[in-house]
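S.K.: have a look; sequence and predicted model below, questions after that.
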Amino acid sequence: MVESQDREQVGRLLEAVRSSGRTALTAPEGKIVADAYGIAVPGEELARDIDEAVAHADRIGGPVVLKIVSPDVLHKTDAGGVVVGVEGAAQVREAFCRIVGNVRAYAPEARIDGVQVQQLVPPGQEVIIGAVTDPTFGKVVAFGLGGVLVEVLKDITFRLAPVTPDEAQSMLDSIGAAEILRGVRGAPPVDRWALAEQIRRVSQLVTDFPEIAEVDLNPVIASPDGAVAADIRILLTTEAVRERRKYSREEILASMRRLMEPRSVAVIGASNEAGKIGNSVMRNLIDGGFSGEIHPVNPRGDDILGRKAYKSVTDVPGEVDVAVFAIPAKFVAPALEEVGRKGIANAVLIPSGFAETGEQALQDEIVAIGERYGVRLLGPNIYGYYSTWQDLCATFCTPYDVKGGVALTSQSGGIGMAILGFARSTKTGVSAIVGLGNKSDLDEDDLLTWFGEDPHTECIAMHLEDLKDGRAFVEAARATVPKKPIVVLKAGRTSAGAKAAGSHTGALAGDDAVYDDILRQAGVIRAPGLNDMLEYARALPVLPAPKGDNVVIITGAGGSGVLLSDALVDNGLSLMDIPPDLDSAFKAFIPPFGAAGNPIDITGGEPPSTYEATIRLGMEDPRIHALVLGYWHTIVTPPMVFAELTARVVQEFRDRGIEKPVVASLAGDTEVEEACAYLFERGVVAYPYTTEKPVAALGAKYRWARAAGLLT
């Protein structure tokens with residue numbers, strides 16, 4: 001805990017720095033902050049002339065480090081402002097003069113407050129600890145390998161600040177070089193508690209003071225005896241943070257319920273003319289079988305598609321839950337005013353022509369209207385949305401009515417239609433398909449809050465290009481993940497946001513790097529591509545949750561077994577070590593030229609009875625937690641025979657209360673496609689012509705199970 005007087009001291013210091021027009025703290029100012037927050041730094045003194053430098057070095061004793069102290073020089077090493085390992089009066093005098101001379105040549109106008117004389121930290125492992133202000137997630141803390149090569153190696157991991165002690169410890173194991181910290185080639189391990197505590201304290205510092213833009217401890221020297229920050233850099237922000245309008249969970253659920261389960265829908269811009277968006281929306285609502293009231297609104301129409309039309313939405317009798325807009329952008333604001341006066345909870349804004357085309361002011365205007373009247377806005381610039389369990393198709397795109405447990409959202413209309421096509425071709429039942437477009441108001445965290453509670457939704461898959469409020473998304477995800485999996489396809493893997501950073505940590509905090517770690521921290525499954533997202537969404541509701549880590553491969557082809565083993569490793573899974581008694585049990589069912597162990601190779605010429613016996617054993621033994629099946633097409637055991645026996649055995653055990661995830665890879669002629677579809681429909685995730693896809697789906701299920709706390 002940081003004492004209140006220490007926090008107040010830091011607050012006064014930061015205010016003084018900002019009042020002086022500076023955005024960077026000097027090294028002595030950084031030490032004041034570090035001492036207040038218990039961040040370990042070496043002993044040091046500020047020398048304003050050569051004689052003070054000699055006296056300070058003598059008092060500190062042993063070799064010292066000399067560093068320039070200037071509010072105008074951020075990167076001291078680049079300016080030649082650092083000399084390491086100085087000992088004795090003569091060396092101190094020479095180093096002092098050299099540093100000052102280098103900096104005057106590098107930045108002639110720079111103010112020089114003096115030279116910092118710092119205790120030389122004993123050698124150890126160099127790491128970096130820092131924090132940045134991410135535009136999506138706010139304060140983010142970072143940890144990785146440090147020193148001069150930090151931006152070359154880029155071995156770094158991120159978490160939302162503040163972190164708990166356990167989250168700080170997890171960061172030590174999340175970098176590629178984690179083994180170095182545990183001690184390699186006879187080197188002792190570092191003091192992990194001290195290192196994690198430095199991370200936690202930095203995260204608390206930036207949480208307490210939002211005006212801190214970046215913190216850089218680089219290098220931090222980690223050793224068996226502790227962790228000491230040899231250099232500290234703190235940068236302040238000059239920008240005021242714009243607060244986003246916040247809604248309570250109860251408010252979100254109330255408006256989302258009226259959006260996803262409406263009793264009455266008004267279509268503003270409804271039309272009798274084929275080819276117009278207002279006509280398509282009306283037809284989809286009517287033809288889709290929506291049982292609630294449908295009210296066309298058009299000032300020039302009396303009757304639209306056999307329904308009474310109203311000149312204004314304010315003329316519609318009774319309560320309306322949703323207003324779907326199918327009018328040009330320039331007419332949206334006045335119509336939205338009428339929606340607000342009518343007390344309609346939600347406006348679905350299909351029109352384009354807002355921020356995406358540079359018309360930010362027009363979008364700001366409708367957002368202000370929505371906030372003034374309490375109308376939640378979906379869009380603009382969207383294809384609409386589907387709520388299948390309500391037979392609601394509020395879109396100008398093709399209808400879809402296959403009900404199921406997958407909720408799909410997309411920021412892009414094109415991706416939305418790809419989702420629709422995939423769902424249709426794979427017969428994936430969905431609970432909803434929602435377009436988000438510009439996300440002027442409603443966004444992913446609102447949808448997560450709803451889908452997390454929706455009894456019809458078993459899995460949520462989201463395509464996103466950005467997040468308006470990363471922290472709200474993480475909060476909603478953390479509340480949802482224990483109940484159901486979330487799959488995210490994050491478009492854009494660039495690090496453009498890091499180019500203008502003023503610290504090593506900032507330069508490393510590329511958009512994708514931060515997204516990757518924080519989505520994982522939230523328990524979200526990140527899909528590498530569009531097809532992966534859709535396949536995970538399709539497969540995860542089918543697979544039961546695993547109860548342990550023991551995975552067994554049963555295959556009819558040795559080559560498939562090797563590839564399936566590789567895929568397991570690639571997806572963070574591992575093969576079970578088969579105990580002798582289980583090994584003997586499998587051997588009893590396979591020919592002498594087959595191979596037990598793991599993978600279990602039953603060979604390709606075996607009859608259906610061999611497949612059935614080994615699968616049955618895998619389901620029966622409680623030490624096995626998941627099965628990966630590799631099938632090879634033969635006339636002895638045709639594809640549909642394999643599919644039918646596998647589905648029958650799996651269902652038999654499920655009827656007995658024994659549920660395990662089972663995935664299958666089928667290699668063979670085109671008949672395996674039908675066999676895979678048969679298996680998928682019966683709870684076995686199966687794919688033809690690939691060993692990677694079924695294991696990737698299993699890996700996704702395991703990642704969710706771990707995040708949900710279902711695996712120890």
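M.R.: Yep, it's here.

S.K.: for the stretch 101-250 of the chain, what spans make up the strands?
M.R.: Along the stretch 101-250 of the chain, the segments classed as strands by DSSP state E, counting those that start in this stretch run 114-119, 125-134, 138-145, 156-160, 212-223, 226-229, 232-236.

S.K.: redo the ones you listed as TSV? Include distance to Leu698.
M.R.: Any C-beta I mention is one placed from the backbone N, CA and C, and that applies to glycine too. As requested, the strands of the stretch 101-250 of the chain are exported to TSV (distance: least, Cβ to Cβ, whole Å):
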stretch	distance to Leu698
strand 114-119	53
strand 125-134	32
strand 138-145	30
strand 156-160	25
strand 212-223	37
strand 226-229	39
strand 232-236	45
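
S.K.: so which of those strands gets nearest Gly529?
M.R.: Proximity to Gly529, assessed across the strands of the stretch 101-250 of the chain by Cβ to Cβ, is greatest for strand 156-160 (22.6 Å).

S.K.: could you give the angle of the closest one to strand 125-134?
M.R.: 40 degrees (axes from the mean of the first three to the mean of the last three Cα atoms, to 10 degrees).

S.K.: relative to strand 156-160, what are the paired strands and their orientations?
M.R.: strand 138-145 (antiparallel) (DSSP bridges).

S.K.: what's the local residue count around Gln521?
M.R.: By the criterion of other Cβ atoms under 10 Å, Gln521 has 22 neighbours.

S.K.: contacting residues for the closest residue to Ala557 other than its chain neighbours?
M.R.: Leaving aside its sequence neighbours, Ala557 sits nearest to Trp632 (Cβ to Cβ, 6 or more residues apart in numbering; 4.0 Å). Taking Cβ atoms under 8 Å, 6 or more residues apart in numbering, we find Trp632 in contact with Thr555, Gly556, Ala557, Ser560, Gly604, Ala667, Gly668.

S.K.: about what we covered before: in a markdown table, list the strands of the stretch 101-250 of the chain along with mean pLDDT, distance to Ala333 and mean neighbour count.
M.R.: Formatted as a markdown table, these follow (pLDDT from 0 to 100; distance: least, Cβ to Cβ, whole Å; neighbours: other Cβ atoms under 10 Å):
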| stretch | mean pLDDT | distance to Ala333 | mean neighbour count |
| --- | --- | --- | --- |
| strand 114-119 | 93 | 58 | 24 |
| strand 125-134 | 93 | 33 | 26 |
| strand 138-145 | 93 | 31 | 25 |
| strand 156-160 | 94 | 37 | 25 |
| strand 212-223 | 94 | 36 | 25 |
| strand 226-229 | 94 | 53 | 23 |
| strand 232-236 | 93 | 39 | 23 |
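
S.K.: check contacts around Lys330.
M.R.: Contacts of Lys330 by Cβ under 8 Å, 6+ apart are Gly353, Leu362.

S.K.: show me the helices in the stretch 401-550 of the chain, by range?
M.R.: Secondary structure of the stretch 401-550 of the chain (DSSP state H, counting those that start in this stretch): helices located at 413-426, 444-453, 470-480, 504-508, 511-521, 530-539.

S.K.: what do you get for the stretch 1-150 of the chain?
M.R.: Going by DSSP H, counting those that start in this stretch, the stretch 1-150 of the chain shows helices at 4-19, 27-36, 50-60, 89-106, 150-153.

S.K.: most packed of those?
M.R.: helix 27-36 (a mean of 20; mean count of other Cβ atoms under 10 Å).

S.K.: which elements pack onto that helix?
M.R.: helix 4-19, strand 44-47, strand 64-69, strand 232-236 (3 or more Cβ pairs under 8 Å, 6 or more residues apart in numbering; DSSP states H and E).

S.K.: hmm, who's touching it?
M.R.: Residues contacting helix 27-36 (Cβ under 8 Å, 6+ apart): 2, 6-7, 9-10, 13, 17, 25, 39-41, 44, 46, 67, 69, 113, 116, 205, 229, 231-234.

S.K.: quick revisit: just the buried residues of the contacts of Trp632.
M.R.: Buried positions within the contacts of Trp632, assessed by neighbour count (16 or more other Cβ atoms under 10 Å), are Thr555, Gly556, Ala557, Ser560, Gly604, Ala667, Gly668.

S.K.: all strands of the stretch 301-450 of the chain, in order?
M.R.: 303-304, 307-308, 322-325, 346-349, 376-378, 384-387, 392-395, 403-410, 430-435.

S.K.: which of those strands sits closest to Glu167?
M.R.: Closest among the strands of the stretch 301-450 of the chain, using Cβ to Cβ: strand 403-410, at 27.9 Å.

S.K.: ranking helices and strands of the chain by mean pLDDT, which lands last?
M.R.: Taking mean pLDDT, DSSP states H and E as the measure, the chain has helix 504-508 as its least confident helix or strand, at a mean of 48.

S.K.: on that earlier part again, in strands only, show me the buried ones among the contacts of Trp632.
M.R.: Among the buried ones among the contacts of Trp632, DSSP state E puts Thr555, Ala667 in strands.

S.K.: which of the buried ones among the contacts of Trp632 lies closest to Thr77?
M.R.: Ser560 (54.0 Å).

S.K.: setting aside sequence neighbours, what's the nearest residue to the closest one?
M.R.: Spatially, and ignoring its direct neighbours in sequence, Ser560 is nearest to Gly630 (3.7 Å; Cβ to Cβ, 6+ apart).

S.K.: quick check, that neighbour in a helix?
M.R.: No. Counting by DSSP: H, G, I helix; E, B strand; the rest coil, one finds Gly630 to be strand, located in no helix.

S.K.: where does the stretch 401-550 of the chain have low pLDDT?
M.R.: Applying pLDDT under 70 to the stretch 401-550 of the chain flags residues 493-511.

S.K.: tell me the least confident of the contacts of Trp632?
M.R.: Among those, Gly604 carries the lowest pLDDT, at 81.

S.K.: I figured that residue hits Thr555, correct?
M.R.: No. Between Gly604 and Thr555 there is no contact under Cβ atoms under 8 Å: 9.1 Å.

S.K.: relative to Val542, how far out is the residue nearest to Ser560?
M.R.: 19 Å (Cβ to Cβ, to the nearest Å).

S.K.: again with Ile433
M.R.: For Ile433 relative to Val542 (Cβ to Cβ), the value is 19 Å.

S.K.: more neighbours, the two?
M.R.: Legend: neighbour count by other Cβ under 10 Å for Ile433 and Val542, higher for Ile433 (26 against 22).

S.K.: what pairs with the closest residue in space to Gly318 that isn't next to it in sequence across the strands?
M.R.: Nearest non-adjacent residue to Gly318, counting by Cβ to Cβ, 6+ apart: Ser264, 6.6 Å away. Per DSSP bridges, the residues bridged to Ser264 are Glu293.
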